[in-house]
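Visitor: Structure for the following, please:
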Amino acid sequence: MTPCSSDSSIHLYPREIPGDLMFNLLKADLYRMTRPKRLHGYLWRYLVWLACICALVAVAGVITSRESADIVFGDQRFSSLSQFFGMYLISTGVLQFLVCLGVLQLMLSDLKQGFIQTVIDSKRGRALYAVEKIVMAGIWTAIMELILAIALLALFIPFARYDSLISEPGIFLLWMFETWICVWALAVAFIVIASLTRNSGVSYIASLFIISGFVPSALQALSSLTEVMLSLPALSHTLAELSAWLPSSCLAVLGSGGIALVQPAVSAAGLLPGGFGTQALIVSAGWIAALSAGLLMLFRRRSI
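Guide: Numbering: from 1, shown residues only. Sure thing, here's the model as predicted:
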């Protein structure tokens, strides 16, 4: 099986081996995202946007003190590379936004053009298609995180002392991994939203609400309201606990950099060994598993 010239259709043999089907679907999606002809792949468009952002950042200026290991960016001072990355990779929402665009663009293109029904006509085939999309979301998240990290390093290295780069290699790599799995969990949520709504406007708006951290903020507000106005401490506590067990909440904490990994876990997870690093890993993996199970159930329906 090879991808055809069309951007929206791929011919798969009906009795294709599941492993081959998964591999071919991944190849097709990667081709659509990275298609070099006239730079039509999604990846190249995002690289152009990223280059523009980096140019604006460079014009704004990066001022670093060579007398210390701190990174001074405008009026912000960072004591580590992961803290610098946390601010401009996560807290700004750039990584989540680019992942959202890529995942939704690919998923909505398939759903709107009847790709699933055209390519796969069995429940098992649609289940494999769902698994492939989940894996693809993880790959796309890793690609975006790596590209953004390289772009930030390109701005950072010429001005910084090199001891600030190697002061926390283990924590930095662990922080990058946990950031990746948290954003991957959000990417799977974007896929589920697109599969349920099949509507571009609704999917993008709902995903932007997730990226902005609206859901945990709303749960925290409801928690305060139920405790103060309704005098329901049990419900208030439940809502507060739920907000702490969302990937977007974990990302908000990871935005402070590698130091977040050694902090105590938030809320009832404080009893977990390993502190917040363990909580972020459990929350992200748990949501990926739960959302994946829901997506598999959804894709087993013939009406999809």
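
Visitor: which residues of the stretch 51-200 of the chain fall in strands?
Guide: 71-73, 76-78 (DSSP state E, counting those that start in this stretch).

Visitor: residue contacts, Gly255?
Guide: For Gly255, the contact set (C-beta atoms under 8 Å, 6 or more residues apart in numbering) comprises Gly86, Met87, Ile90, Ser91. For every residue, glycine as well, the C-beta is placed using N, CA and C.

Visitor: Show the pLDDT at the second one.
Guide: Just to be clear, that refers to Met87. On pLDDT, Met87 comes in at 83.

Visitor: Around it, how many other residues sit close by?
Guide: 18 (other C-beta atoms under 10 Å).

Visitor: go on, the first one?
Guide: The number of residues packed around Gly86, counting by other C-beta under 10 Å, is 24.

Visitor: Leaving out the residues flanking it, which one is nearest to it?
Guide: Gly257 (4.1 Å; C-beta to C-beta, 6 or more residues apart in numbering).

Visitor: Quick check: that neighbour touching Leu89?
Guide: No. Using C-beta atoms under 8 Å, Gly257 is not in contact with Leu89; the gap is 9.9 Å.

Visitor: From one end of stretch 229-236 to the other, what's the distance?
Guide: 11 Å (C-alpha to C-alpha, to the nearest Å).

Visitor: any weak-confidence spans in this structure?
Guide: 1-19, 36-42, 53-78, 114-122, 156-167, 267-272, 302-304 (pLDDT under 70).

Visitor: gap between the residue nearest to Gly86 and Thr179?
Guide: For Gly257, the distance to Thr179 equals 10 Å [C-beta to C-beta, to the nearest Å].

Visitor: Ok, Met22 next?
Guide: 26 Å.

Visitor: Over to Lys123?
Guide: Distance, Lys123 to Thr179, by C-beta to C-beta: 35 Å.

Visitor: With neighbour numbers in mind, choose between those two.
Guide: Thr179 (25 against 13).

Visitor: Quick check: that one touching Leu251?
Guide: Yes. Counting by C-beta under 8 Å, Leu251 is a contact partner of Thr179 at 7.3 Å.

Visitor: Find residues that contact each of the two.
Guide: Taking C-beta under 8 Å, 6+ apart as the contact rule, Thr179 and Leu251 both touch Ile90.

Visitor: ok, now which ones touch the residue nearest to Glu227 when sequence neighbours are not counted?
Guide: Once flanking residues are discounted, Glu227 sits nearest to Ser236: 3.7 Å by C-beta to C-beta, 6+ apart. Residues in contact with Ser236 (C-beta under 8 Å, 6+ apart) are Ser223, Ser224, Thr226, Glu227.

Visitor: at 6 Å instead, please
Guide: By C-beta atoms under 6 Å, 6 or more residues apart in numbering, the residues touching Ser236 are Ser223, Thr226, Glu227.

Visitor: In the host helix or strand of the last one, which residues are buried?
Guide: Counting by DSSP states H and E, the element that carries Glu227 is helix 214-228. By neighbour count with 16 or more other C-beta atoms under 10 Å, helix 214-228 contains the buried residues Val215, Pro216, Leu219, Gln220, Leu222, Ser223, Thr226, Glu227.

Visitor: before we move on, what about stretch 85-95?
Guide: In stretch 85-95, counting by 16+ other C-beta under 10 Å, buried: Phe85, Gly86, Met87, Tyr88, Leu89, Ile90, Ser91, Gly93, Val94, Leu95.

Visitor: Filter these down to just the ones in helices.
Guide: Phe85, Val94, Leu95 (DSSP state H).

Visitor: Redo the residues you listed as JSON lines? Include distance to Ser284.
Guide: Supplementary listing: these in JSON lines, determined by distance: C-beta to C-beta, whole Å:
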{"residue": "Phe85", "distance to Ser284": "18"}
{"residue": "Val94", "distance to Ser284": "19"}
{"residue": "Leu95", "distance to Ser284": "14"}
